[in-house]
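Visitor: the following block contains a protein sequence and its predicted model.
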Amino acid sequence: MDAEFHPTKGFAERKGWHCTLEKNAPHLSERGRVWVEVEVDDCELYDRPESQGGTWVLAQKMKVVKEL
């Protein structure tokens, strides 16, 4: 799947699928959350604090492998 860009007022503009290296995203709601293993392409790493899940992977392309 190709990433789309949806700028949101009050948030940094970071185009791409926002992925984490571990199942950890304490800054986001857990309601309806589903963790999946993905393969990504054309990506950048962003160092984020542990309160935001640690390192983010922003990918321009993503393929879902399986639900965890």
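Guide: Good, I have the coordinates.

Visitor: report the central residue of the chain.
Guide: Per C-alpha atoms, centre = their mean, the C-alpha nearest to the average position across the chain is that of H18, at 1.9 Å.

Visitor: from K61, how far off is that one?
Guide: Distance of H18 to K61, computed by C-beta to C-beta, to the nearest Å: 14 Å. C-beta coordinates here come from the backbone N, C-alpha and C atoms, glycine included.

Visitor: can you check S29 too?
Guide: When distances are taken as C-beta to C-beta, S29 and K61 turn out to be 26 Å apart.

Visitor: mind giving me the packing neighbours of the helix or strand the residue nearest to the centre of the chain falls within?
Guide: Following DSSP states H and E, the helix or strand that holds H18 is strand 17-20. On a contact count with 3 or more C-beta pairs under 8 Å, 6 or more residues apart in numbering; DSSP states H and E, strand 17-20 meets strand 36-46, strand 56-67.
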